[in-house]
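*Asks:* would you be able to build a 3D model of this:
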Amino acid sequence: MIIYIDENDENKRLDSFLAEITPDLSRSKIQNFIKTGDIKINGDGKKPSYVLKENDRIDFNIPEKESLNIKPQNIPLDIIYEDENMLVVNKPSGMLTHPTSLERENTLVNALLYKYGDNLSDINGEFRRGILHRLDRNTSGLLMVAKNNKAHEFLAEQIKSHSVTKKYRAIVKGVIDKDEFEINEPIDRNPKQPHKMMVSPEGKPSRTIVKVIERFKDATYVELTLITGRTHQIRVHMKSINHPVYNDSLYGAGCGKVKTEEQVLQSYFLRFTKPFGDEIIELQIEPDEKLKKVLKYLRS
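*Replies:* Just a heads-up that it's a prediction; the model follows:
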């Protein structure tokens, strides 16, 4: 199995990352595989404590009996676009994109495996079959999925070069005065709370364009365009200007008067080049139930 590290997983320890994505293996087993050379980074042996970098290649040559088994599940998929090489699915809030060490079922990958079986890319391993990029569990919206490895590489290159346009809708706390502006603040992992990210001078360049759609007494409805795609980028950037995403308890928003499954944030627009040519695909979906619920309250 070969895994390429993207910007969402950099700065993690090698053994911690592999324990997170391979639920059937204990951390001690993973550390042993690293020490015996069954797991290599860019062709070389590393220590379990090695800190991952973007574009690192992990060669994961573990015995067959130790490989991860993911259960296909008959979970309905809201497919927005599909061709012979890829599809775009509308992931609901509350669903993980792929299995973790704690949760192996009811993820998007479980659903994809049931419908498409082996007709999904495996560049990023069995636990991420077809997955090109991710959304947080409680962020809903559009995700691209590759049906084969060539399509995966074609689309991944667009993501890497930032030529894919991704736009989000969100409701944030407080009233934003400016109609449109850019947040240009580097983001890094929080050393004291590794499950969180933070604005830091040592972080990677991160840019988000914010455009106000509608203002309310104590909240603002915004459109957010990602220029880069760091982990939790929108949530961290909005917190950094004291306008955290509504109900985002992880980044200090607290619980609003309208209860929802955490952050009111939706990936609603995608623009990309279809594999393997120059046709441009643009997709847009309506606000999800969380957004509608909170907007209804704010407008009343």
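
*Asks:* CA atoms for contacts and neighbours, from now on please.
*Replies:* Noted.

*Asks:* which residues in the stretch 201-300 of the chain form helices?
*Replies:* 233-240, 289-299 (DSSP state H, counting those that start in this stretch).

*Asks:* buried deepest among those, which one?
*Replies:* helix 233-240 (a mean of 22; mean count of other C-alpha atoms under 10 Å).

*Asks:* could you export that one as PDB, CA atoms only?
*Replies:* This file holds the C-alpha atoms of helix 233-240, laid out as PDB (Å, rounded to 0.1, in the frame of the first residue of the first chain):
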ATOM      1  CA  GLN A 233      -8.700  26.500   7.700                       C
ATOM      2  CA  ILE A 234     -12.100  28.400   7.600                       C
ATOM      3  CA  ARG A 235     -12.800  27.600  11.300                       C
ATOM      4  CA  VAL A 236      -9.300  28.800  12.400                       C
ATOM      5  CA  HIS A 237      -9.300  31.900  10.300                       C
ATOM      6  CA  MET A 238     -12.800  33.000  11.400                       C
ATOM      7  CA  LYS A 239     -11.800  32.400  15.000                       C
ATOM      8  CA  SER A 240      -8.700  34.500  14.400                       C
END
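
*Asks:* pull the distance from that helix to the chain's centre.
*Replies:* Put simply, helix 233-240 sits 15 Å off its chain's centre (C-alpha atoms, centre = their mean, to the nearest Å).

*Asks:* got it, and stretch 210-221?
*Replies:* Worked out by C-alpha atoms, centre = their mean, stretch 210-221 lies 25 Å from the chain centre.

*Asks:* what about that stretch, start to end distance?
*Replies:* One end of stretch 210-221 to the other measures 10 Å (C-alpha to C-alpha, to the nearest Å).

*Asks:* buried ones in it?
*Replies:* 210-212, 214-215, 219-221 (16 or more other C-alpha atoms under 10 Å).

*Asks:* ditto for stretch 86-96
*Replies:* 86-93, 95-96.

*Asks:* of those residues, closest to residue 259?
*Replies:* Among the buried residues of stretch 86-96, residue 93 lies closest to residue 259 (C-alpha to C-alpha), at 13.7 Å.
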